[in-house]
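[1] Have a look at this prediction, sequence included:
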Amino acid sequence: MKRSILSLFFFLLSASFSCLFGNIQSAGISKGWFDMKSSDQFKESNRLLRDVLLEASTFISNSTGLSVEIKETDYLLFGDSILINPDGTHYLFSYHPKRKTFLRLDNSEFHGHNSGRRLFVYNNEIYAIGGYGFWISHCKLIRFNKTSGEWDLVHISGPLPLPAPGSTLLFGDTLFLYGVRETGSTQTFKDPKLDNSVFWIDLKTWKSEQRKTKSPIRATQYTQTLNDQRSRYSVFGSLGGVERIFDKVSGILYYSFSGPSLYNGIEKKYHSYQDSIMSFLMGSEIMVIDRQGNERIVSIPEYIKLYCNAEWNVREIRNYEIPPNDKLNDSDFMWEWFGVFAFLISWLIFGIYYYRNSKGMTSKLVQYYRELDNTDIDFPELRRLTDGVYSEKELDLLLRIEHLPRIVRNVKRSKLLFEINEHFPGYIEKLPDDLRENVFVYRVSH
């Protein structure tokens with residue numbers, strides 16, 4: 001009964017907002033330490049990223065025994081940290097610019113099935129979709145579990161492209177799966193239902209749908225995209241090649257029919273990622289840095305204008321267009337009144353539901369606060385930390401308190417740090433962050 005009342009409330013509330021205000025899409029641009037406002041800051045942040053990724057290749061290869069080459073598709077910006085996931089593995093390492101060391105976050109034992117996966121962040125969670133391994137491509141979606149350190153499989157209810165998605169387009173709360181992958185499987189385009197179909201996953205409900213496109217879809221060779229957290233564009237390609245560009249604001253997908261490589265004119269020794277040439281997106285530009293540190297800037301709008309054609313638009317699936325008539329007709333007025341009525345009714349249902357469930361909410365808060373009395377600490381694991389500076393988020397992951405509400409988490413962190421320093425005086429020291437006010441970091445000293 002409670003679930004039915006709550007479902008009815010959210011349905012009416014969403015219906016009222018849809019009628020009154022319409023749909024609003026987010027460009028999905030990252031916020032945090034890497035938000036640079038000037039061209040010089042943009043360049044300096046990319047130089048830092050390049051140095052970190054090159055250093056990560058050496059560190060991860062030495063620490064895991066697996067030879068890896070970290071690419072521009074292998075990292076995510078997560079708050080003030082850089083998260084690194086070598087392609088084809090489940091390893092996840094964290095790097096903080098102040099600590100200048102790498103911290104392994106995962107407990108994974110099995111690797112090798114997700115080469116070419118797409119990494120993305122949604123609602124402060126880390127995801128990867130698709131990939132190739134063991135002679136087959138797949139369309140599995142996995143999410144990193146911050147508590148267990150494992151990657152959990154996310155169940156999607158509905159159809160998905162087989163064998164693997166081509167271009168994955170993150171647009172607000174929707175992940176569009178456009179086309180299928182050309183390489184890595186003999187199944188490509190054997191099923192005629194896939195040659196002009198687009199799929200999408202609603203990230204709020206984990207339900208997927210399938211719809212025909214107006215024209216056939218070209219097979220895609222590369223499923224990966226350059227990290228696009230600081231840009232309004234997603235760029236698909238490999239080793240400087242540009243195959244498609246997606247505008248995350250307008251929802252238009254462009255196909256590069258004659259675009260040159262971003263690496264044109266750059267000396268290459270291996271013609272692979274061993275050449276250490278990297279491309280970084282920010283705003284409407286791509287910055288390319290070669291092994292010697294030489295730099296070039298490419299304007300994405302100019303590249304689209306010269307070498308690309310619009311291939312598809314998300315508006316083929318969902319109608320975001322405003323009706324052309326300026327005057328509202330009788331039907332429009334009816335929907336406006338329905339929106340107001342549904343809004344009022346939804347708040348009435350919410351009031352009833354909140355009143356009836358206030359005791360349940362209180363018991364949940366009591367359960368959270370009971371965790372304050374639990375001060376069990378894995379001292380051997382904490383003592384293995386390398387000396388350096390850790391962000392608050394990284395420390396919470398290590399203390400296994402990241403799942404708690406913020407106010408409870410702050411109190412418990414203070415209690416645990418007191419217990420740790422009681423056993424090992426001065427081991428973890430709380431310091432103000434030099435870059436931001438009212439933010440703290442934690443220095444570990446053996």
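    Right, received. Where do you want to start? Numbering: from 1, shown residues only.
[2] contacts, neighbours, all on C-alpha from now
    OK.
[3] these two touch, right, residue 399 and residue 392?
    No. With contacts counted by C-alpha atoms under 8 Å, residue 399 stays clear of residue 392, the gap being 10.5 Å.
[4] For the nearest residue to residue 438 once chain neighbours are set aside, name its beta-bridge partners.
    Using C-alpha to C-alpha, 6 or more residues apart in numbering and skipping residues adjacent in sequence, the residue nearest residue 438 is residue 432, 7.2 Å away. Residue 432 has these beta-bridge partners by DSSP bridges: residue 440.
[5] Which secondary structure state does the residue nearest the centre of the chain sit in?
    Residue closest to the average C-alpha location in the chain (C-alpha atoms, centre = their mean): residue 121, at 1.7 Å. Classification of residue 121 using DSSP: H, G, I helix; E, B strand; the rest coil returns strand.
[6] quick one: contacts for it?
    Taking C-alpha atoms under 8 Å, 6 or more residues apart in numbering, we find residue 121 in contact with 76, 127.
[7] ok, it to residue 71 distance?
    Separation of residue 121 from residue 71 (C-alpha to C-alpha, to the nearest Å) stands at 18 Å.
[8] Check residue 305 too.
    Distance, residue 305 to residue 71, by C-alpha to C-alpha: 27 Å.
[9] When those two are compared, which one has more neighbours?
    The residue with more neighbours, out of residue 305 and residue 71, is residue 71; 25 against 10, by other C-alpha atoms under 10 Å.
[10] Let me see the backbone angles for the more buried one.
    Backbone torsions of residue 71, given as degrees, to the nearest 10, read phi -110, psi 180.
[11] for residue 144, same thing?
    phi -80, psi 130.
[12] Look at it and say how many residues are nearby.
    Residue 144 has 19 nearby residues by other C-alpha under 10 Å.
[13] same deal with residue 162?
    Around residue 162 there are 20 other residues, counting by other C-alpha under 10 Å.
[14] Between residue 399 and residue 392, which has more neighbouring residues?
    Higher neighbour count among residue 399 and residue 392: residue 399, with 20 against 17, using other C-alpha under 10 Å.
[15] For the more buried one, which non-adjacent residue is closest in space?
    Spatial nearest neighbour of residue 399, chain neighbours left out: residue 377 (7.4 Å); criterion: C-alpha to C-alpha, 6+ apart.
[16] residue ranges of the strands in the stretch 51-200 of the chain, please?
    Taking DSSP state E, counting those that start in this stretch as the criterion, the stretch 51-200 of the chain contains strands spanning 75-78, 81-84, 93-95, 102-104, 118-122, 125-133, 136-144, 151-153, 165-171, 174-180, 197-202.
[17] ok so, going back, and the residue nearest to residue 399, how far from residue 144?
    Distance of residue 377 to residue 144, computed by C-alpha to C-alpha: 23 Å.
[18] number of nearby residues for residue 249?
    Using other C-alpha under 10 Å, residue 249 is surrounded by 14 other residues.
[19] Return the residues in contact with residue 440.
    Shown in contact with residue 440 (C-alpha under 8 Å, 6+ apart): 391, 392, 430, 431, 432, 433.
[20] redo that, cut-off 10 Å
    By C-alpha atoms under 10 Å, 6 or more residues apart in numbering, the contact list for residue 440 reads 390, 391, 392, 430, 431, 432, 433, 434.
[21] what sits against the third one?
    Each residue near residue 392 by C-alpha under 10 Å, 6+ apart is listed here: 80, 402, 410, 413, 430, 439, 440, 441, 442.
[22] Give me the spatial nearest neighbour of the last one, chain neighbours excluded.
    Looking back up the chat, that one is residue 442. Nearest residue to residue 442 in three dimensions, chain neighbours excluded: residue 430, at 4.6 Å (C-alpha to C-alpha, 6+ apart).
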